[in-house]
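[1] Next input, structure requested:
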Amino acid sequence: MLRVDDRKGFELLFPTLVRGPEQIQKPVILQRPEPAPAVPLIARDTYVAETSSQIEALQATLRLLSRDVNRLTDKMGEIERTADQDHRWLAFERSEKKAKQVKLEDVVRSCRELKARLDRIEANNRGNYHAYHSFEAVSRKLGELDDFRAEAKRAERTVVWRARLLCGLIAASFLIVMLSGFFPN
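    Coordinates of the predicted model:
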């Protein structure tokens, strides 16, 4: 608050400028003029008091507004953090959805390749593309082909065993013929 009651004089800090060094003066102390009559002084005091109270009210309002602005800034920061987290979740969900779609496309492509291989293997299919529209049908056909493969391996083992037996018998007969030539009867 601005005080009007103090009637002290102001001290001049700088000496007045003079033309010669012999005329250096001491600092001059300025005195306030004598107060004016009471009526104008009271009106001025009232104006100053009203102005100071209005300034205080404005300062209080400014403090309230600054506090409200700080609260709103904190809330905006919270909202921004929440929005950032939501954006991260959305990006994560999109990447997961894309990864699932890629995996599904890989499975579909693998199934199509398997179906094409089965069509090439099975000669009597003749374009019956409706035969393998479920995993059960594909699994059944793969089981049949696996049985054929197991049977082919068994047949191969049997042929190899018989070939070894035949080679052994030929070697034994050759040995008998050779030994019969060395030993006379």
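[2] Could you list the low-pLDDT ranges of this structure?
    Counting by pLDDT under 70, the chain contains low-confidence ranges at 1-41, 122-132, 184-185.
[3] after the longest helix seen in the chain, next one along is what?
    Using DSSP state H, we find that the single longest helix of the chain is helix 38-121. Moving toward the C-terminus from helix 38-121, the next helix or strand (DSSP states H and E) is helix 135-182.
[4] which helices and strands sit right next to that next one?
    On a contact count with 3 or more CB pairs under 8 Å, 6 or more residues apart in numbering; DSSP states H and E, helix 135-182 meets helix 38-121. Every residue, glycine included, has its C-beta placed from N, CA and C.
[5] tell me what the helix it packs on is packed against?
    When contacts are defined as 3+ CB pairs under 8 Å, 6+ apart, helix 38-121 sits against helix 135-182.
[6] and the helix it packs on with helix 38-121, angle?
    40 degrees (axes from the mean of the first three to the mean of the last three CA atoms, to 10 degrees).
[7] now helix 135-182, how far from the centre of its chain.
    Offset of helix 135-182 from its chain centre (CA atoms, centre = their mean, to the nearest Å): 62 Å.
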